[in-house]
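**Student:** Make a model of this:
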Amino acid sequence: MGELQEIEDELLALGCQVIAVSPDRPGKQRDTAVEEGVGYLLCSDSDMRAARAMGIAFQVEESLVRKYKESFDIDLEADSGRDHHQLPVPAVFLVDREGVLHFVYANPDYRVRLQPELLLQAARSMIAAGAEE
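**Tutor:** Predicted coordinates:
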């Protein structure tokens, strides 16, 4: 989310609306938004319905759930308010005002994130395509 914040102003200047969806429960999201100084809309998908519908949800193995909690102080159940032990693959979708999907990025390796410049380039292309119609 930090890299998204770096280009948020440029995306807004292009006319894009930035919406982030997280598996955290709403109360946890409010805390994160305040701590991180998030300016974009942050929505909760704590039940993982949206992530499953988009095909980006994955099941976290029990051993990893324990490791997250014990080694990294990440409590999936407390953060989401659920015991499903699912997380979304980090993903980016660019959708125009008519609901047409123009760009998708999803990588099962959560360490490999979309480069901000590539997202800006995709947004510019989407806007340019809309201007030509």
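**Student:** Pull the residues that contact stretch 61-68.
**Tutor:** Residues outside stretch 61-68 that contact it (CB atoms under 8 Å, 6 or more residues apart in numbering): Val60, Ile74, Asp75, Leu76, His85. Bear in mind the C-beta positions are built from the backbone N, C-alpha and C, glycine included.
**Student:** mind running it again at 7 Å?
**Tutor:** Identification of contacts with stretch 61-68 by CB atoms under 7 Å, 6 or more residues apart in numbering yields Ile74, Leu76, His85.
**Student:** which of those residues tops the neighbour count?
**Tutor:** Greatest neighbour count in those, by other CB atoms under 10 Å, goes to Leu76: 19 neighbours.
**Student:** if I pick that residue, what's in contact with it?
**Tutor:** Contacts for Leu76 were tallied using CB under 7 Å, 6+ apart; they are Val60, Val65, Tyr68, His85.
**Student:** same thing but 6 Å
**Tutor:** Leu76 makes contact with Val65, His85, according to CB atoms under 6 Å, 6 or more residues apart in numbering.
**Student:** Flag every buried residue along the lowest-mean-pLDDT helix or strand in the chain.
**Tutor:** Scoring the helices and strands of the chain by mean pLDDT, DSSP states H and E places helix 26-36 at the bottom, with a mean of 83. Going by neighbour count (16 or more other CB atoms under 10 Å), the buried part of helix 26-36 is Lys28, Gln29, Thr32, Ala33.
**Student:** what separates Ala91 from Ala51, distance-wise?
**Tutor:** Distance of Ala91 to Ala51, given as CB to CB, to the nearest Å: 9 Å.
**Student:** Which one's more surrounded, these two?
**Tutor:** Ala51 (20 against 15).
**Student:** So which of the contacts of stretch 61-68 are in helices?
**Tutor:** Within the contacts of stretch 61-68, residues falling in helices by DSSP state H are Leu76.
**Student:** Can you add pLDDT and give the contacts of stretch 61-68 back as TSV?
**Tutor:** Output for those, formatted as TSV (pLDDT from 0 to 100):
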residue	pLDDT
Ile74	94
Leu76	95
His85	96
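**Student:** The closest residue in space to Asp47 that isn't next to it in sequence: neighbour count?
**Tutor:** Leaving out its chain neighbours, the residue that sits closest to Asp47 by CB to CB, 6 or more residues apart in numbering is Arg82, at 6.2 Å. When neighbours are counted by other CB under 10 Å, Arg82 registers 15.
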